[in-house]
Every structure is written in C-alpha cells, then in structure tokens.
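Engineer: could you look at this predicted model? Sequence included:
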Amino acid sequence: MCETSARMDGKVVIITGGSTGMGYEAAKVIAKKGAKVIIASRNEAKLIKARNRIEQITGNKNVSYKLLDLASLDSVRSFANDTLNMEERVDVLINNAGAVGLPDKLTADGLNLTMQVNYFGAFLLTYLLLPLLKSSAPSRIINTSASSMYIGHIDFDHWNDVEYYTSVEVLANSKLAMTLFTAELDERFRNSDITANTIDPFLVRDTNVLNNLPSLTKNISQLFLNVVGQPKEDVGKQIAILAADPSLETVSGKHFKFCQKWINHWLVSDRKLTKELWDQSKIAVKLSSDEDWEAYDY
C-alpha cells in the first residue's frame with residue numbers, strides 16, 4: 001500500500017509488540033533498511049524466533065530483543081533502564097503493543113489492566129526514554145491508536161475503575177488516552193526535533209490480537225477480519241514509512257491511516273485536557289523524583 005526507499009543505517013529503533021503481527025512486519029521492513037532494531041514483548045521464546053527470522057530474511061545481524069511486559073511497571077522501568085544504560089541513542093520509538101478483551105481487573109500497580117497495557121505502560125516507557133530521544137534528535141515517536149478512540153471518554157476520577165466500563169469502552173478510553181498523550185508530546189517537544197504521531201492500523205488480518213476474546217466472539221470476529229482487514233504486511237509498511245520517510249521528519253501531531261493523514265480526534269486541541277492527562281498519568285505510574293526529569297530539565 002505504501003513504500004519508501006529511505007535507508008535507516010545508523011538509526012536505533014525500538015518496537016514494542018515486535019515479536020508477532022504488524023509489529024513484527026514493521027521490524028522486518030525497518031531492519032531491511034539497515035537500522036538497529038530492538039523488538040520487545042513479554043514472551044522470550046517468540047522474541048528469539050522473531051529475531052532469528054528477521055535476521056535470516058533481511059541479512060541484518062543488528063537485531064536484538066528485550067523482555068517487556070506492559071502489565072508490569074517494574075518491567076517497563078527495567079526495560080527503560082537497560083536501554084538507557086546500553087544504547088547511545090534511540091532514533092525511533094514505536095509503541096505498537098496493545099491488547100483487547102483483557103480481564104476487567106487491576107494490575108499489581110493498581111491500574112486497570114487494559115488501560116495499563118494499552119496506555120500507561122507506553123506512557124511510562126516513553127517518558128523514561130524521552131531524554132535519550134531528545135539527545136538523539138531528530139527522533140520520532142509513533143503511537144498506535146484505533147478508530148475506537150472516537151467513542152472514548154477520559155474521566156480521571158474513574159479511568160482505572162473496574163466493573164465500571166464495558167470491554168469496548170475501556171479499549172476506546174485507552175486509545176483516546178494514547179491519542180491525547182501524543183498531542184501533548186507534540187506540544188511540549190515541538191522545538192526539540194522530536195515528532196510524535198499516531199497511526200490507526202484499521203483492522204488487521206492474521207494477528208493474535210483476538211486471543212483474549214471468548215471462543216465464539218473470537219471466531220466471529222476473525223471471520224469479519226478475514227473479509228475486511230488489511231494484511232499485517234501492509235500495516236507493517238505503513239508503520240515503517242512513518243519511521244523512515246524523510247518527508248515526515250518534521251511532521252508531528254498528526255493521525256495517519258492507510259499511509260495518509262487522517263481525521264484526528266477533536267479533543268487533541270484541548271490543551272487543558274492534554275496537559276491534565278500528562279500530569280495525571282505521571283501520578284498514576286508513580287514517577288519517582290529520580291525519574292521525573294521535567295523537574296530539572298523542562
């Protein structure tokens with residue numbers, strides 16, 4: 001659906017959810033372009049298999065993996081600290097990982113599981129890596145959203161409640177939060193050569209995103225995806241073009257779908273809301289004084 005001939009030699013790219021599905025496909029395209037690629041997920045066996053396959057297909061031996069469980073803020077912190085200690089630069093951060101149909105429960109961190117996997121984990125990871133992204137600029141942040149964001153709702157008094165939202169509502173809320181976070185990133189780092197954009201992959205065939213759904217719902221949904229969904233390979237290319245194409249180096253605060261700028265959520269221009277989301281998210285993930293670089297660097 002879209003291609004770019006741009007090379008990424010010397011670039012370092014992190015892709016969460018990079019062991020399977022569209023994240024894996026994006027990693028494969030980006031590795032072909034010569035970048036150092038770090039794929040991240042919580043399943044080491046899948047990560048090793050994906051890394052080996054990417055190396056075999058692309059001939060790029062500079063592909064590595066790191067364990068990352070977004071349902072654990074300790075895991076996110078460990079991943080970020082390891083990256084800060086091991087990598088001299090990060091040029092592109094792709095927050096691709098996400099899930100639907102998760103149990104309606106709190107994590108060990110006291111956050112709604114779907115909200116943490118789809119938003120809070122990515123928020124914390126991005127926040128902790130921002131100093132390195134800034135020193136590596138020009139750099140790019142690509143956040144995966146979804147059309148469900150248009151029906152999302154942010155209520156800071158209840159955004160982590162359980163038995164309060166339906167599974168569709170909490171998914172929509174998490175995707176809206178990711179979109180508003182991206183808008184705030186764009187606002188805060190507009191003069192720092194860091195761009196932040198969202199991508200809606202629409203519906204994607206041949207991924208494991210439906211694995212958490214009940215069997216009947218999963219089977220019906222899979223039939224629907226097989227008819228109208230995009231091949232995961234095409235979505236991988238769409239993500240890769242946002243990471244690589246020179247024409248997008250200064251494009252920020254935009255929403256993309258099918259390799260085109262798409263209609264963003266109307267609330268992205270509500271600066272009061274996006275700022276409050278930023279501040280409330282810092283509280284939710286319990287940033288320590290050592291982690292809160294804004295206190296002395298912003």
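Structural biologist: Happy to help now that I have it. Numbers count the residues shown, from 1 in each chain.

Engineer: now the helices for the stretch 1-150 of the chain?
Structural biologist: Using DSSP state H, counting those that start in this stretch, the helices of the stretch 1-150 of the chain run over 21-32, 44-58, 73-86, 113-115, 121-135.

Engineer: tell me the most buried of those helices?
Structural biologist: Comparing these by mean neighbour count (mean count of other Cβ atoms under 10 Å), helix 21-32 comes out on top with a mean of 26. C-beta coordinates here come from the backbone N, C-alpha and C atoms, glycine included.

Engineer: and it, how far from the chain's centre?
Structural biologist: For helix 21-32, the separation from the chain centroid amounts to 14 Å (computed by Cα atoms, centre = their mean, to the nearest Å).

Engineer: quick one: it to helix 44-58, angle?
Structural biologist: Interaxial angle of helix 21-32 relative to helix 44-58 (axes from the mean of the first three to the mean of the last three Cα atoms, to 10 degrees): 40 degrees.

Engineer: partner residues bridging the residue nearest to L68 when sequence neighbours are not counted?
Structural biologist: Computed as Cβ to Cβ, 6 or more residues apart in numbering, the closest residue to L68 that is not its neighbour in sequence is A40, at 3.9 Å. With DSSP bridges as the criterion, A40 is bridged to T16, K66.

Engineer: okay, A40: pLDDT?
Structural biologist: Listed pLDDT for A40 reads 98.

Engineer: for the one 10 residues further on, same thing?
Structural biologist: The per-residue pLDDT reported for A50 equals 98.

Engineer: can you check L223 too?
Structural biologist: L223 is assigned 54 on the pLDDT scale.

Engineer: what does K66 give?
Structural biologist: At K66, pLDDT is 98.

Engineer: contacting residues for it?
Structural biologist: Each residue near K66 by Cβ atoms under 8 Å, 6 or more residues apart in numbering is listed here: 38-40, 79, 82-83.

Engineer: burial measure for V235, as a count.
Structural biologist: V235: 28 surrounding residues under other Cβ atoms under 10 Å.

Engineer: tell me where this protein has strands.
Structural biologist: 12-16, 36-41, 63-67, 92-95, 139-144, 194-199, 255-257, 260-262 (DSSP state E).

Engineer: output those as TSV; include the columns distance to E294.
Structural biologist: Converted to TSV, the strands of the chain look like this (distance: least, Cβ to Cβ, whole Å):
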stretch	distance to E294
strand 12-16	21
strand 36-41	24
strand 63-67	25
strand 92-95	18
strand 139-144	16
strand 194-199	14
strand 255-257	25
strand 260-262	30
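
Engineer: so which of these is nearest G101?
Structural biologist: strand 139-144 (16.6 Å; Cβ to Cβ).

Engineer: picking that back up, what's the closest of the helices of the stretch 1-150 of the chain to A240?
Structural biologist: Among these, helix 21-32 sits nearest to A240 (Cβ to Cβ), with 4.0 Å.

Engineer: so which elements touch the closest one?
Structural biologist: strand 12-16, strand 36-41, helix 44-58, strand 92-95, helix 232-244 (3 or more Cβ pairs under 8 Å, 6 or more residues apart in numbering; DSSP states H and E).

Engineer: just the residues contacting that helix, thanks.
Structural biologist: For helix 21-32, the surrounding residues in contact (Cβ under 8 Å, 6+ apart) are 8, 13, 15-18, 37, 39, 41, 50, 54-55, 57-58, 60, 62-63, 92, 94, 96-97, 201, 204, 206-209, 232-233, 235-237, 239-240, 243-244.

Engineer: I figured L73 was touching L125, is that so?
Structural biologist: No: between L73 and L125 there is no contact, the gap being 9.6 Å when judged by Cβ atoms under 8 Å.

Engineer: out of the helices and strands packed on helix 21-32, which gets nearest to S147?
Structural biologist: Judging these by Cβ to Cβ, what sits closest to S147 is helix 232-244, at 13.7 Å.

Engineer: if we can go back for a sec, tell me how many other residues surround the residue nearest to L68.
Structural biologist: 28.

Engineer: what about the stretch 151-298 of the chain, any weak spots by pLDDT?
Structural biologist: Along the stretch 151-298 of the chain, the model assigns pLDDT under 70 to residues 202-230, 297-298.

Engineer: that one: helices as residue ranges?
Structural biologist: 167-188, 215-228, 232-244, 271-284, 294-297.

Engineer: could you work out the end-to-end span of stretch 109-119 for me?
Structural biologist: 14 Å (Cα to Cα, to the nearest Å).

Engineer: so which bits of it are buried?
Structural biologist: Across stretch 109-119, burial judged by 16 or more other Cβ atoms under 10 Å covers 109, 111-119.
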